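S.K.: Just need the structure, nothing else, for what follows:
(chains A, B and C)
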Amino acid sequence: MVEYITRRLGLMVPTAFLVTVAVFLLIHLTPGDPATVILAESYTPEAGAKIHQDLGLDKPLPQQYLLYVGRLFHGDLGRSVRNKLPVTQAIGERLSATLELGFAALIWSLLIAIPLGTIAALRRGRALDVVASGLTVAGISVPNFVLGILLILFFGLLLRVLPVGGFVALGESVPDNLSRLIMPAIALGTFGTASNMRFTRSSMIEVLNQDYIRTARAKGAGWWQVVNRHALKNALIPVVTIVGLQVGAILEGALVTETVFGWPGVGKLAVESIFSKDFPVVQGIVLLSALSFMFANLVVDLVYAWLDPRISYS
Amino acid sequence: MSTAAPAYTAGEEQVVAIEERQPAGLRQLVFDHPRILIGLLLLLVLVFVALLAPWISPHNPLAVNPDDARLSPGAGHVMGTDELGRDVLSRVMWGGRISLPVAFVAVGVGLTVGSLIGLTAGYRAGVTDLLLMRLIDAILAFPALILAIALVAALGPSLRNAMIAIGIVQIPVYARLTRAQVLQLKSLDFVTAARALGASPVRIIARHMLPNLLNPLIVQVSLSAAFAMLAEATLSFLGLSAPPPTPDWGFMINTGQSFLINGDWWMTVGPGAAICVAVFGFNWLGDALRDALDPRLRR
Amino acid sequence: MRRAGILLLFALILSACGGGGGGTSTTPAGTPKTGGTLKIAQETEINTLDPNTSGLLVEREIYYNLYDSLLGIDAKLNFIPELATAWKYTDDKTLVMTLRKDVKFQDGTAFNADAVKFNLDRYMTSTDPAAARKSDLGSVQSVEVQDPATVVIHLKRADATLLAAFVDRAGMMLSPTALQQLGSKVAQTPLQAGSGPFEFVEWKRDDHLTLKRNPDYWRKDKAGHQLPYLDQIIYRPLIDLNAILASLKTADVDMARTVAGKDVDAVRSDSTLVYKATPSLGYQGFELNVSAPPFNDPAKAKAVALAVDRAQILKNVILNNGVVSYGPITPASWAYDPSEKIYDKPDPDKAKATATGFSFTLKTANTQDSIQTGQLIQAQLAKAGITVNLLPEDFGKLTLETRVQHQFDAALTGWSGRIDPDGNMYAFWHTGGSFNDGRYSNTQVDQLLEQARATTDQAKRKQIYQDAQKVVAADAVYVFVYDPVVAQISTKKVQNFTLIPDGINRLAEVWKS
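M.R.: Residues are numbered from 1 along each chain as shown, chains lettered A, B, ... in the order given. This next block holds a predicted model:
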């Protein structure tokens, strides 16, 4: 096990290196000049050249990369070209909004997925299961922005029960914050709901086929008792790992969901930065999302290894 | 939320059951697993509508008609008109001619490049394997959609770049799939024998490995296509795919969103439904095929 | 039947009671109430709070409430005293300005001629790469302090546009003490740096910017009350026009400058909102690159201008909230002459006869309105056998390609407009002008524009600008499409707001009921 962990961590090093190269190249090959963004209407070639100098954009590419990596080790992700803020600060300011959204999405996904998945497992093969199956596939087939817009249409504009878009900090007003959180959380979390439900179902089915469950049943325990006392715990362990992956990839879904709802998180920042050619911010976000995804993957793999030593990793 | 929906969960090396199976005839397959039919039917409808759009669409999707702007669904326009007076139904029909080819090309790219990498890495092992797999890991390190968006943003928004970006994102799944299969089979007696007899790697791969690979690949292709359609819709929603006035479903939704507040719901619901149907079809088909073709996962 | 009738009567009576105050636009003239917070939505986030490096309209909006300028303008665009109480040209190249006494900056520093010199010198000699006020003050040779209340500006050449420059950022005065202490931080946190009605409190990027009342503001209202009335102003960069509209409806914000063209009618008929509009000083359309194919061929440029259906675009995109544009001088300007209507109605046949069978790429911004306009142009020109390829781009990239690299065929960019007609023309169409993206060069136009700068006789200038405008419009170096309106949308609680054609929210005399 230790050997496995060491090997996995070791493999992460070259991968992380390749990731930084990829992120660096990705943005530096983009056409577009950040100087025009900063200067807007006041742009002149001389002013632009000076900005290039200040940002170090006039040096050769490999040198820029080394400088970039050097700064990374100091936790310096550079400065936003739009507003001169350190990228870490720009991301940090928006992080809490995204985390709140992600957390809410997670709760939504688990709240629906686990009960439904369990029921589908118990009623396996019957009408309910097939319907649940259909819902699952539907859930992963609706793009989150389409779902978001449908929610806006229905709850926001038709029924007018929920405010559309915007953000009110938790500190300012909890009900205002929550009422604006509901729709984006559902939009973001539904994909995960479907995945989790499917996984809960299959995991639960496997567990329910175990001998100790059959023993309990033979001893006269009802299905629900069996599920609550024995099966759920064991069935959920693998689900936790899937959830871990979803957490790691939270930014992916947040990108579009935050844009649709005007939720001021890191995802919306990423989209804004992409369109305004704010290189450092895009780099920073992509890098952080890759690293957190890698980390989540690592944790998931380790949990798997711990769970099932039968799987050979040689 | 990871949308690559791999056939096998992350982290596991692929352990594919080796059986000398006769690939079931299509008719038998569908008979045993009627779910396949639903998916197939949906997709066939989609493909046919897209193919025949030039003949069956009621209007020219590009015909701008400002006097008829923003009409709600009614007599002349079953799905209403958009902000420039263009018929929404026609644009939805023609939209398939954009999204479906993107999905197919992207999956094709992922399939060919990924399989090549996987087969090479698995067969040659050693340093080649190590390097290639690190490359794959690097791609996998990024959440799929973020990588696709970043790639298109860097290369410049266009249909071609969307295909490339989504294709690149698909590579790892196929690489891992094929590599696992190769590793599995390499150690078997008949392969060792063939190698000893001097058979060329290509022949060995083609003769012995590919047939076993076919089933999981078919499943994966269907699921990949679902992801590719989702990704293309997202990219075009963000304005990173084909430029206007091309009828691209995602972009139509983006434009339509501005008009929701005015009560114009038809501009988003039409293309939205189209995307959902397409992705659902591929997902459903992939699921059904997986149930049918892969004994290990059968419940 | 009878019961239905009574019910109907009932309903009518009820609705009449409820709807009484809704339709009118005059607000009750009551006594101004002191206090309250005004929340304003902005359509973009600002970049800087330093007038020296500023380039955005939304920034100017904030500055006018933080900093005072030397001159102000009224609703008719006449100059009025602000920090300068009187000004006079003693000769073509000498401007003497008398300054207001007893004005203090928010940090206590006295406002005087030294402060004026400090600020003007700072704008003129700034080494900041983003310094943007140099061309506004390009005609200034030196600034001389005659006495604490008098400043003499020596010019290199006659310049009729200087006074207009002093209304805007180039005339904004900041406290020299604060500037020296804050250094570059003035762009983010200009604490007590201005002399305006409000002081800077805090700025949380992409979230809010807060100003609070300046208790020592020098201006009083007609009744002698200390201005401003409001306690606090909060600016919120909501960006998405739909979000802005939604926030107005729920009163999350009290005021905004723009809503999408398609929403104007809904806003007008909304009884909780007040909508004011006045013709803008700016125009919308697209520029052609006449220095390269295909538009180095004047016939092709003219063909495009002939084929565009301006009225159709005006109607479809902004629902007729504006007028068709025939040139860079708009109805809001004193130099406007409605008699000449070049390229009035679209004429695809004449366009075809002039030049046809070519194609070009029209670059637009990434906004909904731009893309919509672009597609209309595409369809209109197709009728004349001209193919248009659309390319929506990020605004920064667009500016780079047009302004710096001059690599474009056509670009859909408008102009927000300046008080002085020179600001709408010189930089764009004078040879070598800093906004002359298409590298247009016409000696007749050059001479006219230079003449107009050199004389202060408004009637003469008006005639010159008319002549210059006719040439520019006919040559179709820029295809003018429409002149929009400058609008102000607010909730019914906002009182005493005056809309000025430059679109800036001046809030000193605004109060909230």
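S.K.: Compute the distance from the centre of the longest helix along chain B to the centre of its chain.
M.R.: Looking across chain B with DSSP state H, the single longest helix is helix B:88-124. Distance, stretch centre to chain centre, for helix B:88-124: 6 Å (Cα atoms, centre = their mean, to the nearest Å).
S.K.: Report the mean confidence score over it.
M.R.: For helix B:88-124, mean pLDDT rounds to 92.
S.K.: and it, what does it pack onto?
M.R.: For helix B:88-124, the packing partners by 3 or more Cβ pairs under 8 Å, 6 or more residues apart in numbering or on different chains; DSSP states H and E come out as helix B:35-56, helix B:126-141, helix B:159-186, helix B:210-237, helix B:249-258, helix B:266-293. (Each C-beta comes from the backbone N, C-alpha and C, glycine too.)
S.K.: Adding mean neighbour count and distance to chain A, write those out as a markdown table.
M.R.: Formatted as a markdown table, those follow (neighbours: other Cβ atoms under 10 Å in any protein chain shown; distance: least, Cβ to the nearest Cβ, whole Å):
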| stretch | mean neighbour count | distance to chain A |
| --- | --- | --- |
| helix B:35-56 | 15 | 9 |
| helix B:126-141 | 17 | 4 |
| helix B:159-186 | 23 | 11 |
| helix B:210-237 | 25 | 5 |
| helix B:249-258 | 25 | 6 |
| helix B:266-293 | 24 | 4 |
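S.K.: closest one to C:A160 among the ones you listed?
M.R.: Judged by Cβ to Cβ, the one of the helices and strands packed on helix B:88-124 that comes nearest to C:A160 is helix B:249-258, at 42.4 Å.
S.K.: hmm, who's touching that closest one?
M.R.: By Cβ atoms under 8 Å, 6 or more residues apart in numbering or on different chains, the surrounding residues in contact with helix B:249-258 are A:143, A:145-146, A:149, A:260, B:82-83, B:88, B:91-92, B:95, B:98-99, B:232-239, B:241-242, B:244, B:264, B:267-268, B:270-272, B:274-275, C:241-242, C:260, C:262, C:368, C:371.
S.K.: Any stretches of the stretch 51-200 of chain A with poor pLDDT?
M.R.: Across the stretch 51-200 of chain A, residues meeting the criterion (pLDDT under 70) sit at A:55.
S.K.: quick one: the helices in it?
M.R.: Under the criterion DSSP state H, counting those that start in this stretch, helices of the stretch 51-200 of chain A are mapped to A:61-73, A:87-122, A:127-141, A:144-151, A:174-208.
S.K.: For the first one, list the C-alpha coordinates in PDB.
M.R.: Coordinates of the C-alpha atoms in helix A:61-73 are reproduced here as PDB (Å, rounded to 0.1, in the frame of the first residue of the first chain):
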ATOM      1  CA  LEU A  61       9.200  31.800 -24.600                       C
ATOM      2  CA  PRO A  62      11.400  29.300 -22.700                       C
ATOM      3  CA  GLN A  63      12.600  32.000 -20.500                       C
ATOM      4  CA  GLN A  64       9.100  33.200 -19.800                       C
ATOM      5  CA  TYR A  65       8.200  29.600 -18.800                       C
ATOM      6  CA  LEU A  66      11.100  29.300 -16.300                       C
ATOM      7  CA  LEU A  67      10.100  32.600 -14.800                       C
ATOM      8  CA  TYR A  68       6.500  31.400 -14.600                       C
ATOM      9  CA  VAL A  69       7.500  28.200 -12.800                       C
ATOM     10  CA  GLY A  70       9.800  30.100 -10.500                       C
ATOM     11  CA  ARG A  71       6.900  32.300  -9.500                       C
ATOM     12  CA  LEU A  72       4.600  29.300  -9.100                       C
ATOM     13  CA  PHE A  73       6.900  27.900  -6.400                       C
END
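S.K.: Sort out which residues of that helix are buried, please.
M.R.: A:Q64, A:Y65, A:Y68, A:L72 (16 or more other Cβ atoms under 10 Å in any protein chain shown).
S.K.: OK, contacts around the last one?
M.R.: Shown here is A:L72, whose contacts under the criterion Cβ under 8 Å, 6+ apart are A:T20, A:L287.
S.K.: From chain C, how far off is it?
M.R.: Remark: distance between A:L72 and chain C (Cβ to the nearest Cβ, to the nearest Å) = 23 Å.
S.K.: Could you look up the SS state of A:G48?
M.R.: helix (DSSP: H, G, I helix; E, B strand; the rest coil).
S.K.: So what's the residue count around it?
M.R.: The local packing of A:G48 (other Cβ atoms under 10 Å in any protein chain shown) involves 21 other residues.
S.K.: thinking it is in contact with C:R403, fair?
M.R.: No. Judged on Cβ atoms under 8 Å, A:G48 makes no contact with C:R403 at a distance of 9.8 Å.
S.K.: okay, the closest residue to C:D107 other than its chain neighbours: pLDDT?
M.R.: Counting by Cβ to Cβ, 6 or more residues apart in numbering or on different chains, C:Q192 is the residue found nearest to C:D107 once chain neighbours are left out, at 3.9 Å. For C:Q192, the model assigns a pLDDT of 91.
S.K.: how about C:Q192, what does it touch?
M.R.: C:Q192 sits next to C:F105, C:Q106, C:D107, C:S175, C:A178, C:E199, C:F200 when contact means Cβ under 8 Å, 6+ apart.
S.K.: Could you do C:E401 as well?
M.R.: Applying Cβ under 8 Å, 6+ apart, the residues near C:E401 are C:K363, C:E393, C:Q407, C:F408, C:A411.
S.K.: Report pLDDT for it.
M.R.: pLDDT for C:E401: 82.
S.K.: Would you confirm that it belongs to a strand?
M.R.: No. With three-state DSSP as the criterion, C:E401 is helix rather than part of a strand.
S.K.: Most neighbours among the contacts of C:Q192, which one is it?
M.R.: Within the contacts of C:Q192, C:S175 tops the neighbour count with 27 neighbours, counted by other Cβ under 10 Å.
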